[in-house]
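>>> Compute the structure for the input listed below.
(2 chains)
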There are 2 protein chains.
Amino acid sequence: MFIAMNRFKVKVGSEAEFERVWRERDSHLATVPGFVTFNLLKGPQKEEYTLYASHTHWASKADFEAWTRSEAFRAAHASSGPNKVNYMGPPEFEGFESVLSLSIGDKAA
Amino acid sequence: MFIAMNRFKVKVGSEAEFERVWRERDSHLATVPGFVTFNLLKGPQKEEYTLYASHTHWASKADFEAWTRSEAFRAAHASSGPNKVNYMGPPEFEGFESVLSLSIGDKAA
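Numbers count the residues shown, from 1 in each chain, chains lettered A, B, ... in the order given. So this is what the prediction gives:
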């Protein structure tokens, strides 16, 4: 499993607009090969910003990389349009590979 | 859905020992109410450290908080024992609430 995560520092006051942009986005993800789940996550609020993370599970890193080179990727990023979200700096991308996994009902490990 | 994430900066050379500690840990998680999945994630390697994240999905933030006050939590943290992992600083905890979600097969959103 591969997790692609982008961390966004959204300035206090821009949270509702940020969530609106993501809600209205046409991500085209659900039909992309290797896509498993997407979540937009809201993290801790600091004095000046709220941390958000977009969080996409892929079957493999190769599936994620194929998506970044696809027409669906270009379409998703072209459709985001203008918005009034204020950020503290650019998003930070991090890719993760799972090295250990445990699910509900597995034998305790 | 609630995601509890701990980020660890593991010094280069300590990765195998860090993964061993987690692999041999008796987490007791699989039977905890509200637990959904756990993943130990390996992220980008920097010059001095490799980023890891422990990543636990809970049905709700309340379930996560109940676990941190439970006997299972004490047992999991008591059993980690001595190890030789070198870190760059303490782990960073971040808790996230999901605000948007999309899964394979959902209508494209």
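>>> pLDDT below threshold where in chain A?
Chain A contains residues with pLDDT under 70 at A:79-82, A:105, A:107-109.
>>> So what touches stretch A:43-60?
A:1-12, A:15, A:18, A:22, A:29, A:34-42, A:64, A:67, A:87-88, B:3, B:94-96 (C-beta atoms under 8 Å, 6 or more residues apart in numbering or on different chains). Any C-beta I mention is one placed from the backbone N, CA and C, and that applies to glycine too.
>>> and chain A, which of its residues are near chain B?
Selection of chain A residues close to chain B by C-beta under 8 Å from any C-beta of the partner chain yields A:1, A:3, A:19, A:22-23, A:26-31, A:35-44, A:51, A:53, A:55, A:94-109.
>>> coming back round to it: any of the contacts of stretch A:43-60 buried? List them.
The neighbour-count criterion (16 or more other C-beta atoms under 10 Å in any protein chain shown) marks A:2-5, A:7-10, A:15, A:18, A:22, A:29, A:34-35, A:37-42, A:64, A:67, B:3, B:94-96 among the contacts of stretch A:43-60 as buried.
>>> Mind listing residues that contact stretch A:96-106?
A:1-5, A:61, A:109, B:19, B:22-23, B:27, B:29-30, B:35-43, B:53, B:55.
>>> Filter those residues down to the ones in helices?
A:61, B:19, B:22-23 (DSSP state H).
>>> What's the PyMOL line that selects buried ones from the residues you listed?
Selecting only the buried entries of the ones in helices among the contacts of stretch A:96-106 in PyMOL, with 16+ other C-beta under 10 Å as the criterion:
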select buried, (chain A and resi 61) or (chain B and resi 19+22)
